[in-house]
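In: kindly generate the corresponding structure for this input.
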Amino acid sequence: MKMPQDQIDRIAALGYTEPEARFLYVVATHSGYFTMRHFNTFTGVSRGKRSMTFAQKLLKHAHATVRDYMGAGSVFHLFSRLVYGPIDKDNVRNRRRHSFDYIRTRLVQMDFLLENQAHDFLETENDKVNLFCESLAVPKDVLPAKVYEGGPGSHPTIRYFVDKFPLFLAAPLSGASPVVTFGYVDSGTRSPCSFVAHLGAYQGLFRHLKTFRLLYIALRATEFRRAEDRFRASVKQPLESDVSSEVLRYFEVRRKWENHEYVVPVATDFEFLNDARLRFHGERFEGLYQAWVTGRIAETELRPEFSHLAPPRTIFFDTYLVRNHSLLARSCGRDGHGRVFEAPGRRGIQKRSSGEGWVGFYAFYEKPLSCTCCTQIRARSHSRKRSVKH
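Out: Numbering: from 1, shown residues only. A predicted model of the protein is given here:
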């Protein structure tokens, strides 16, 4: 991973050792959330005094908050502008509070990053935009984007690659040249529709690449086969197939739509139609469609019109099973969710009954975060001092 020494020094100037500063740089850049196990893995130390000292620094300087994940480990959120500002990342969304699912996803992503530190992951939105638009000559309007509405009197802002999943160059096969690798992180709480929607958001970019790889990162291997099937159906087969087949499908779906033949909506057809209208527009396509729909041109005559448009593509799909993840936690017994509790005290670390082996000074007011599948536990307030164990 890239770690500019000058930015590491700026974090260290806040009172951290160099290993601690390097770890905080990774967190600020790629996640915003972490556990002490992540810290121990990154620095190569055993749990104990060193990790407790690091946690105390974070809380004492109000650089992070801590939440307890169902008694299986405290989850830290690095939020302070004092840390993000010196490394020119004070506007990244990692500083903000996020949903339960978002936190889980970032923890799994941290596990993946720490297990693959040899890769140079693209860090910022500008890094990713420059790779595709400048190095690979991809039009900016096909990049995955989201529009954020501003306040009164301000203009909407377009942001790219807002999912912040890992993006890097790596060889898909031994001895092969590196290709653009898109990571997708499944933390176990996402529905299958989330992956399909993600592929749809990247469809325009995929079409402008001659080769790329999608890496499906997950905690369990149970979804790998289904994810590969969805990827093959919605991305690999259409992009590697003859363009004339896609044009014919567009003509068929468009004719059915215009003739009101859809009694029951078919989401996949509607998504394809909307996308195809953007791809196959212009006088040439319109003239061929009118000729085809009126029977003046047959399929055998139509195919040669587009056979030369099919670019050679090589598309890869791989899976990655996270080995040492933080989310093998006690759950509510329904779908793998755990409860997350906020400990918003100014100093101290919330006491835990088990987990990573350390506890801190005080236990503060506990408030359940939202987890729709879990029964909410009544908030409690503790004021007495806890003993410290190692």
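In: confirm residue 216 sits in a strand?
Out: Yes: applying DSSP: H, G, I helix; E, B strand; the rest coil, one finds residue 216 inside a strand.
In: which strand residues bridge it?
Out: For residue 216, the beta-bridge partners under DSSP bridges are residue 184, residue 319.
In: contact partners for it?
Out: The neighbours of residue 216, taking Cβ atoms under 8 Å, 6 or more residues apart in numbering as the test, are 184, 186, 195, 223, 224, 227, 228, 231, 317, 318, 319, 320. For the C-beta atoms, the positions are set from N, CA and C on the backbone; glycine is no exception.
In: do that again at 6 Å, thanks
Out: Listed by Cβ atoms under 6 Å, 6 or more residues apart in numbering, the contact set of residue 216 reads 184, 227, 319.
In: okay, those residues in CSV with neighbour count, distance to residue 267 and pLDDT next?
Out: Formatted as CSV, these follow (neighbours: other Cβ atoms under 10 Å; distance: Cβ to Cβ, whole Å; pLDDT from 0 to 100):
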residue, neighbour count, distance to residue 267, pLDDT
184, 21, 20, 97
227, 20, 18, 94
319, 16, 26, 97
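In: and of those residues, the nearest to residue 206?
Out: Taking Cβ to Cβ as the measure, residue 206 lies nearest residue 184 of the contacts of residue 216, at 12.8 Å.
In: which among the contacts of residue 216 gets closest to residue 7?
Out: The nearest member of these to residue 7, counting by Cβ to Cβ, is residue 184 at 28.0 Å.
In: which strands and helices sit next to the host helix or strand of residue 268?
Out: Assigned by DSSP states H and E, residue 268 falls within helix 267-279. Under the contact criterion of 3 or more Cβ pairs under 6 Å, 6 or more residues apart in numbering; DSSP states H and E, helix 267-279 touches helix 243-258.
In: packing partners of the helix it packs on?
Out: Applying 3+ Cβ pairs under 6 Å, 6+ apart, we find helix 243-258 packed against helix 267-279, helix 283-293.
In: and that helix, which residues are buried?
Out: Residues of helix 243-258 classed as buried: 243, 244, 246, 247, 248, 249, 250, 251, 253, 254 (neighbour count, 16 or more other Cβ atoms under 10 Å).
In: got it, and stretch 142-162?
Out: Neighbour counts over stretch 142-162 (16+ other Cβ under 10 Å) mark 142, 143, 144, 160, 161 as buried.
In: which residues touch residue 210?
Out: residue 313.
In: now residue 202: how far from residue 145?
Out: Here residue 202 is placed at a distance of 11 Å from residue 145 (Cβ to Cβ, to the nearest Å).
In: next one: residue 62
Out: Using Cβ to Cβ, residue 62 is found at 34 Å from residue 145.
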